[in-house]
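In: Build me a structure from this.
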Amino acid sequence: MRSFAHAAALMATIVSVCALTMGAKGPQQRGDGQAPAAPSGPPGGGRGVATEQGFGLFQQRCVSCHGNPALEKAPPPAALREMSPERILDALTSGVMKEVGGRLTEQQRRLVSESVAGRLLGTSATGDAKAMPNVCVTNQPLANPSQGSAWNGWGADITNTRFQTAQGAGLTSAQVPQLTLKWAFGFPNGTSSYGQPTVASGRVFVGTDTGYLYSIDAKNGCVFWSFQTKAGVRNAPTVAPIEGQGTSRYAVFFGDLKANVYALDAQDGRLLWTTKVEEHYTSRVTGAPTFAGGRLYVPVSSWEEFSARTLDYPCCTSRGAVSALDANTGRQLWKTYVVDEPKPTRRNSKGVQMWAPAGASVWNSPTIDLRRQTVYFGTGDATTYPAAKGSDAVMALDMNTGAVKWSYQVHENDSFLVGCQGDNRTDNCPPVQGPDWDIPASGILREIPFAGGFLIVGTKPGDILALDPDKGGAPRWRMNVNGTVAGNGPLAQGAPRSGVLWGFAADEQTAYFGLTGGAIAAVDLMTGTKKWMVQPLGSDSRVSFGSATTLMPGVIFQGGADGTLLALSTEDGRTLWKFDTNRQFDAVNKVATKGGSITAPGPTVAGGMVFVGSGYSVIGGLPGNALLAFGVP
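Out: You can find the predicted model right below:
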C-alpha cells in the first residue's frame, strides 16, 4: 500500500474477513509498460476480469502485510485464497469492516475480493447447470472417448499437432464455406471465454472464468452437468479412462487458476480426486495437462511478475514447473522445476528481502514423445536478473523420472517484470529489462520419413525453430517469419513484424502460424522455408491472430482479437469462410450472451462441427462469454 496506515487498515479488513469465514501475469501480451485496462463486463457485467487483473492490485496494496513474517496476525496469501469472493466483499461493503472498505472504491473492493478468491462474484448459483432451462432430458452411458470423432485435450493428440484428420473432422474443405451457427451457449456472468472446448464421446467439455466446468451435448447444446471448481479454468480438459474409482469408467482431467488439478467422472461430473501441484500462492495451471499412459503431465505457471516491481514485494520466488500425476489417484509421481531454488540475494531500498533465481513459467501444454519417452515444453521469461538458463527455453524431461535430458535456450538475457519502464521503474526491476520473449505455445513433434524427429517451436518475436530430439535439441534450422534472418528473404512490403503466441498447427509437411501483427504464415517443416504469408483482413490490418491455429485437411481455422473467425486454404492462404463472433447471441441456455476477442484458445473440429469460445479479455480485448458451435446444413 502507499502508506503504512492504509496497509494496516486493509490488513485489519482481511483479518476480520478471515475471522468471519472461520467462526492472479497472466498469459497475455505484455511489455508495453502500460497499466492494464479494465474491460467492460460481458453482457451486462461492467467489471474487468478480476481473477487476472486484480493480481496487480493485490500485490501493490496487500503483500506488504500478508506474507510479512513481522505481522503474524495477517493471514498469508495462501490462506486468503481459500475464501469466497462474496464473503470478502460483504465484509468490506456492509460488514464489520465497512468503514475501512469505504476507503476503497467499489471497483477496488470487487477487484480485491475476486482476485483473492480466484473466482468471479455472483457466479456460485447462477452458473449451476441445474438452474438452466436446457438441461438434457437423458444422460446415456458415455461412449468410449477413444472411438468416434473427437478433439481431446489441447492439441488433439499428445504431440500437440492441432491437426484433425479427415475422418475425425467429418467435414471437407468444400463444405467449410457452408458453415452456419448451430447453437450458442452462454457462461452466466462470465467475462472471458478462455477455456478451449474439448469434444469427446459426443459431448463438449469446457471450463470457464466463473469457476465452472460444463458437459454439453455437441449436437444441440443441452447441458448434462456442471461442476464448480475452486477457481477459473482456462485450459482444455482431457477425457480418458480411469481405474480404481468405483463404477467410474472415464474421467475428465483439467487444472485451475489456484494450481489445483481435478479428475471428475465424465458421466455425471462427480469429483473423483483433486491435487494441488504447487503451493506458491501466485501459481496456477493455465496450460492444459497432457494425458499419456495413465499419467497427467501438468504445466505450472504464475502471475508473480505482474506487479513484482512494487517495493513492498519480496521479488521473486515463483518458478515454472512440470508435474507428473498418477491419473487414477492424483498422486504426484515427480515434479521438475525449470530453474534452481531461489535464495536470498539483497535487500531493496525499503529493506525488503530479494530472491533469485525465479520465473520461467510453463504456459503451454506439454508435448509427449512415446518413442523417446520424453516430455517437451517451452518456458517463459525470468523474473530475476541475470536470467536463468531455464528461461525462454525448450526443455526435454524423462517421462518416468522427470530428469532433465536437455535444454535449449532460445532467447538469452530475458529478465522481465511487468511495468518496469520509464518512471515506473523501481529497484525491484531487473537492471536490464528484457524484451519478454516467452515461448507460450506448445511445441509440435513431427516425424519425417528418412529425416527423423522435428520438434517445431514458435516464439513471440517470430523466430521459428526445428530442434532435433535425437541430438540434444540441436537446431535443424531457425528462421523468422518476418524475414529478419539471413537467407529467409526480405520482409514483404507492408507486412507487419509479429510473432507466435498461444499455438500453431502442423501436418506432415507444413506448419501454420497465426501471428500477432495480423498475418498468417505457412512454413516448410523440412527446410524452414516460408511457403506463403497473407494478411486476411487487409494489408493495413493489425488485428492480432495470437490465438491457437487449428488445422484439418485443406483448411486452417484462425480466430482474431476483433472476434473474426476465419477458415483459410492451406494451399495459398485464401479465405474460404469468415464469421464475426463479436456480437450478441441467443443462447440455448437463455443467458445474456455476447462474443468478443478470440485471443488465446483456438477452435476445435470434430464430428462435422467447429466449436470456439469467443470473448477473451484477460488484458484488454473484447470481453465475452460465448461458446459457439458451427455445422453445415
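In: who touches the closest residue to residue 404 other than its chain neighbours in this structure?
Out: In space, and not counting its chain neighbours, residue 404 is closest to residue 397: 6.0 Å by C-beta to C-beta, 6 or more residues apart in numbering. C-beta here means a position set from N, CA and C on the backbone, and glycine is covered the same way. Each residue near residue 397 by C-beta atoms under 8 Å, 6 or more residues apart in numbering is listed here: 322, 336, 374-375, 403-405.
In: Mind checking which of these are in strands?
Out: 322, 336, 374-375, 404-405 (DSSP state E).
In: Return a selection command, for use in PyMOL, containing the buried ones of the residues you listed.
Out: To isolate in PyMOL the members of those that are buried, counting by 16 or more other C-beta atoms under 10 Å, one can use:
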select buried, resi 322+336+374+375+405
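In: Please report how far the residue most central in space within the chain lies from residue 505.
Out: Central residue of the chain (C-alpha atoms, centre = their mean): residue 286, 3.9 Å from the mean position. Computed as C-beta to C-beta, to the nearest Å, the residue 286 to residue 505 distance reads 20 Å.
In: hang on, the earlier thing: wait, which of the ones in strands among the contacts of residue 397 is closest to residue 155?
Out: Closest approach to residue 155 among these (C-beta to C-beta): residue 375, at 13.5 Å.
In: Quick check, that closest one in contact with residue 399.
Out: Yes: using C-beta atoms under 8 Å, residue 375 is in contact with residue 399, at 5.5 Å.
In: Nearest spatial neighbour of the residue nearest to the centre of the chain, chain-adjacent residues omitted?
Out: Spatially, and ignoring its direct neighbours in sequence, residue 286 is nearest to residue 301 (4.8 Å; C-beta to C-beta, 6+ apart).
In: quick one: the strands in the stretch 301-450 of the chain?
Out: 321-326, 332-337, 343-347, 353-356, 367-369, 374-378, 393-398, 404-409, 444-448 (DSSP state E, counting those that start in this stretch).
In: quick one: the first one to strand 393-398, angle?
Out: Yep, that's strand 321-326 we're talking about. Calculated by axes from the mean of the first three to the mean of the last three C-alpha atoms, to 10 degrees, strand 321-326 forms an angle of 30 degrees with strand 393-398.
In: tell me the angle of strand 321-326 relative to strand 332-337?
Out: 170 degrees.
In: neighbouring strands for strand 321-326, and are they parallel or not?
Out: Here strand 321-326 is paired, per DSSP bridges, with strand 295-302 (antiparallel), strand 332-337 (antiparallel).
In: Out of the contacts of residue 397, which is nearest to residue 469?
Out: The closest of these, once distances to residue 469 are taken by C-beta to C-beta, is residue 374, at 6.7 Å.
In: Report the beta-bridge partner residues of the closest one.
Out: residue 369, residue 398.
In: Ok, the one 4 residues further on next?
Out: The bridge-partner assignment for residue 378, based on DSSP bridges, gives residue 394.
In: ok, residue 130 to residue 228 distance?
Out: Applying C-beta to C-beta to residue 130 and residue 228 gives a distance of 11 Å.
In: what about the host helix or strand of residue 111, average pLDDT?
Out: Assigned by DSSP states H and E, residue 111 belongs to helix 106-117. Mean pLDDT, computed over helix 106-117, is 71.
In: Please pull up the helix or strand immediately following that helix.
Out: helix 166-169.
In: Distance from the next helix or strand after that following helix to the middle of the chain?
Out: Downstream of helix 166-169, the next assigned helix or strand under DSSP H and E is strand 180-186. Its chain's average C-alpha position is 23 Å from that of strand 180-186, according to C-alpha atoms, centre = their mean, to the nearest Å.
In: and strand 180-186, C-alpha only, in CSV?
Out: Below are the C-alpha coordinates for strand 180-186, written out as CSV (Å, rounded to 0.1, in the frame of the first residue of the first chain):
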residue,chain,number,x,y,z
THR,A,180,-23.6,-21.8,-40.1
LEU,A,181,-24.1,-21.3,-36.4
LYS,A,182,-26.0,-24.2,-34.9
TRP,A,183,-26.1,-23.1,-31.3
ALA,A,184,-24.6,-20.7,-28.7
PHE,A,185,-24.1,-21.4,-25.0
GLY,A,186,-23.6,-18.5,-22.6
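In: what comes up buried for that strand?
Out: Buried positions in strand 180-186, judged by neighbour count with 16+ other C-beta under 10 Å: 182-186.
In: try stretch 266-285
Out: In stretch 266-285, counting by 16+ other C-beta under 10 Å, buried: 266-267, 269-270, 272-273, 275-278, 280-285.
In: and which of the residues you listed is nearest residue 158?
Out: Distances from residue 158 to the buried residues of stretch 266-285, taken by C-beta to C-beta, are shortest for residue 285, at 17.6 Å.
In: tell me the contacts of that closest one?
Out: Residues near residue 285 by C-beta under 8 Å, 6+ apart: 235, 255-257, 259-261, 277, 298-301.
In: Return the item of these having minimum pLDDT.
Out: Minimum pLDDT across the contacts of residue 285 falls on residue 257, with 93.
In: Might one say that it is in contact with residue 235?
Out: No: at 9.6 Å, residue 257 does not count as touching residue 235 under the criterion of C-beta under 8 Å.
In: separation between the closest residue to residue 379 other than its chain neighbours and residue 189?
Out: In space, and not counting its chain neighbours, residue 379 is closest to residue 360: 4.2 Å by C-beta to C-beta, 6+ apart. The gap separating residue 360 from residue 189 is 34 Å, by C-beta to C-beta.
In: what's the answer for residue 367, then?
Out: In terms of C-beta to C-beta, residue 367 sits 35 Å off from residue 189.
In: now residue 110
Out: Residue 110 is 12 Å from residue 189, by C-beta to C-beta.
In: Quick check: buried residues in stretch 393-401?
Out: In stretch 393-401, counting by 16+ other C-beta under 10 Å, buried: 393-399.
In: same check, this time on stretch 556-569
Out: Neighbour-count burial for stretch 556-569 [16+ other C-beta under 10 Å]: 556-569.
In: picking that back up, please enumerate the shared neighbours of residue 110 and residue 189.
Out: With C-beta under 8 Å, 6+ apart as the test, residue 110 and residue 189 both reach residue 121.
In: Nearest to residue 310 among the strands of the stretch 301-450 of the chain would be which one?
Out: strand 353-356 (12.4 Å).
In: neighbour count winner among residue 360 and residue 189?
Out: residue 360 (31 against 25; other C-beta atoms under 10 Å).
In: My guess is residue 408 contacts residue 471. True?
Out: No: applying C-beta under 8 Å, one finds residue 408 not in contact with residue 471, separated by 10.5 Å.
In: who has more neighbours, those two?
Out: Counted by other C-beta under 10 Å, residue 408 and residue 471 do not tie: residue 408 has more neighbours, with 18 against 12.
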